[in-house]
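Engineer: Could you work out the structure for the sequence below:
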Amino acid sequence: MVNEPNRTTDDANANAGLDELRRRKRAIEATIESGARDCEALRGRIREIEARTERDGALAERYARLIRDGEASLDRILESSEFLAESLARETRALFDDAEV
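Structural biologist: Reported below is the predicted structural model:
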């Protein structure tokens, strides 16, 4: 019976060790779960950013198309203005030439 108190102490120490391991396991599992939640939140944020980037890219393309169309319109207006200015100058010269005769 001399070993009986030691066995109780050994069992108590083993149980305390198991309890400590279980506590550590729960802490590690909680850390893993927290990391998984953080990871999912980051994935959601990435999806939001990708959607915004896609939307902004489409908007930028619309603006670029609008600018190209505007520039093309301005080029046509410039060509028409140059043609009208040349026609007016030609008609004015013809008018003065007719007046001198």
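Engineer: going forward, measure contacts and count neighbours with C-alpha atoms only.
Structural biologist: OK.
Engineer: For this structure, just list every one of the strands.
Structural biologist: Assigned by DSSP state E, the chain shows no strands.
Engineer: pLDDT weak spots in it?
Structural biologist: 1-6, 101 (pLDDT under 70).
Engineer: Apply 80 and report the result again.
Structural biologist: 1-8, 10, 12, 99-101 (pLDDT under 80).
Engineer: List the contacts of Leu78.
Structural biologist: Applying Cα atoms under 8 Å, 6 or more residues apart in numbering to Leu78 gives no contacts.
Engineer: Return the distance of it relative to Leu66.
Structural biologist: 18 Å (Cα to Cα, to the nearest Å).
Engineer: Ok, Asn15 next?
Structural biologist: Taken as Cα to Cα, the span from Asn15 to Leu66 is 75 Å.
Engineer: Ok, Asp11 next?
Structural biologist: Distance from Asp11 to Leu66, by Cα to Cα: 81 Å.
Engineer: again, but for Ala16
Structural biologist: 74 Å.
Engineer: how about the helices in this structure?
Structural biologist: Here the chain has its helices, by DSSP state H, at 3-100.
Engineer: chain center to stretch 48-64, what's the gap?
Structural biologist: In terms of Cα atoms, centre = their mean, to the nearest Å, the centre of stretch 48-64 is set 8 Å apart from its chain centre.
Engineer: Likewise for stretch 60-69?
Structural biologist: So, by Cα atoms, centre = their mean, the centroid of stretch 60-69 is 20 Å from its chain's centroid.
Engineer: just stretch 21-30 next, same as before
Structural biologist: 37 Å.
Engineer: Equivalent analysis for stretch 16-24, please.
Structural biologist: Taking mean C-alpha positions (Cα atoms, centre = their mean), stretch 16-24 and its chain are 45 Å apart.
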